[in-house]
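[1] sequence and predicted structure below; questions after.
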Amino acid sequence: MNKPERLVEEYRNGILECVHFGRIAIVSPEGLKYSVGISDDVSFYRSASKPVQALPVIYMGLDKKYGLTDEEVAIMSGSQRCEFVHIEVIESLIKKTGTKEEMLIMNPTYPLDPPTKEEMLRRNMPPRKIYHNCIGKHIACILLQRELGGHEEEYWKLDSPAQQLIMDFIAHVSEYPREKIKTGVDGCGVPVFAVPLKYIANTFLRLACPELIKDNKLSKTVERNSLLMNKYPRLISGSNAICTLLNEDDNIVAKGGALGVYCFGLRKEKLGIAYKVEDGSYDELPLIAATILEYIKYDRHETIERILSHFPKEIKNDCGKIVGEYVPVFNLEKRSSE
């Protein structure tokens, strides 16, 4: 079984200071195409599963039932940072769906977006559950639980109708056997799913290329949701975040998760990409994405340039002086289809 390999090294004044190991899987419709340190070990999707967890809402027509706007549907796939534009969409979503804030399982919090948080503190505004970055997913789960006849306050339980249906969708889109899917509890309190990394890549291949999904209704559902992620990229994360920058490219469907998980699919190239930085670091994720795109000779150079302009290879200190650099060191191994 292959071990994680070096993905990125950090240098300070030319001296190696830190090494980030990890795994990469890139799949095509024929199977595994490129890999780094790939194994059959499972990895948690973490928030990278949100675009799949949102699918049943559209599939069951709940967006139409509650009169949701495209923005309100899109934010269910996101890990929004609660900028004021996000809060406006969330408050409307809460009102339309009749979601009771006290029913949400997570604790009250302040927004992840620093300027919004600072403004709220200046105004002496209290923390709220709806400021959590997973709020869209939780509302989606509550709507499913309600529609399926379960107790709404139990929407977060693994054996609830909502979570069992979501697991069905994970299995369908990833094409990984349902009975083999592993589970845990995510940071926000709902179940989180784990499959081998190449099946997470497979998920994003099908999010980008829904024509590969045999079920026509599910294919159309995936197509609509993925296009909404491109139409409203800022609702998937926040201003200048890596998810936003990638989803601004209408050839890409992208979503990351906590502790070093990142994934994206390419429509024209018909590729699904997933990688995991083993130490859970976030800082290296944009550089790895840009390096992969460079390796496959991605022809939309402006996307690569946009990533590197916001997440440069240079390391700066608190004085703004360049003191080091991030260096990608992985080599994508070409695989025969598996």
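    Cool, the structure landed.
[2] check what pLDDT the residue lying closest to Lys255 once chain neighbours are set aside gets.
    The shortest distance from Lys255 to any non-neighbouring residue, by Cβ to Cβ, 6 or more residues apart in numbering, is to Ala48 (4.9 Å). Any C-beta I mention is one placed from the backbone N, CA and C, and that applies to glycine too. Among the per-residue scores, Ala48 shows a pLDDT of 97.
[3] number of residues surrounding Ala48?
    27 (other Cβ atoms under 10 Å).
[4] just Lys65 next, same as before
    Residue neighbour count, defined by other Cβ under 10 Å, stands at 12 for Lys65.
[5] how close does it get to Ile58?
    Using Cβ to Cβ, to the nearest Å, we find Lys65 at a distance of 11 Å from Ile58.
[6] avg pLDDT for stretch 248-266?
    The predicted model gives stretch 248-266 an average pLDDT of 97.
[7] can you check stretch 126-145 too?
    96.
[8] which parts of the stretch 51-200 of the chain are helices?
    Here the stretch 51-200 of the chain has its helices, by DSSP state H, counting those that start in this stretch, at 55-59, 62-65, 70-74, 84-97, 114-122, 135-147, 161-174, 197-208.
[9] just checking, what packs against the last one?
    In this case it means helix 197-208. strand 15-28, helix 50-53, helix 161-174, helix 216-231, strand 252-257, strand 261-266, strand 271-277 (3 or more Cβ pairs under 8 Å, 6 or more residues apart in numbering; DSSP states H and E).
[10] what sits up against the helix or strand of the chain with the lowest mean pLDDT?
    Across the helices and strands of the chain, the lowest-confidence element by mean pLDDT, DSSP states H and E is strand 333-334, at a mean of 86. With contacts defined as Cβ atoms under 8 Å, 6 or more residues apart in numbering, strand 333-334 is touched by Lys33, Tyr34, Ser35, Val36.
[11] do stretch 220-230 as well
    Contacts for stretch 220-230 (Cβ under 8 Å, 6+ apart): 51, 54-55, 58-59, 70, 73-74, 77-78, 173, 206-208, 210, 213, 236, 247-250, 252-255.
[12] if you count neighbours, what's buried in it?
    Residues of stretch 220-230 classed as buried by neighbour count (16 or more other Cβ atoms under 10 Å): Thr221, Val222, Glu223, Arg224, Asn225, Ser226, Leu228, Met229, Asn230.
[13] what mean pLDDT does that stretch have?
    98.
[14] C-alpha coordinates for that stretch, PDB please?
    Extracted in PDB, the C-alpha atoms of stretch 220-230 (Å, rounded to 0.1, in the frame of the first residue of the first chain):
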ATOM      1  CA  LYS A 220     -30.400  17.000 -14.500                       C
ATOM      2  CA  THR A 221     -30.400  17.700 -10.800                       C
ATOM      3  CA  VAL A 222     -26.600  17.600 -10.700                       C
ATOM      4  CA  GLU A 223     -26.400  19.800 -13.800                       C
ATOM      5  CA  ARG A 224     -28.600  22.500 -12.200                       C
ATOM      6  CA  ASN A 225     -26.800  22.500  -8.900                       C
ATOM      7  CA  SER A 226     -23.300  22.600 -10.400                       C
ATOM      8  CA  LEU A 227     -24.300  25.500 -12.700                       C
ATOM      9  CA  LEU A 228     -25.600  27.400  -9.700                       C
ATOM     10  CA  MET A 229     -22.200  27.000  -8.000                       C
ATOM     11  CA  ASN A 230     -20.600  28.700 -11.100                       C
END
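[15] distance from that stretch to the middle of the chain?
    14 Å (Cα atoms, centre = their mean, to the nearest Å).
[16] same question for stretch 96-108.
    Relative to its chain's centre, stretch 96-108 lies at 22 Å (Cα atoms, centre = their mean).
[17] so for it, mean pLDDT?
    The model assigns stretch 96-108 a mean pLDDT of 95.
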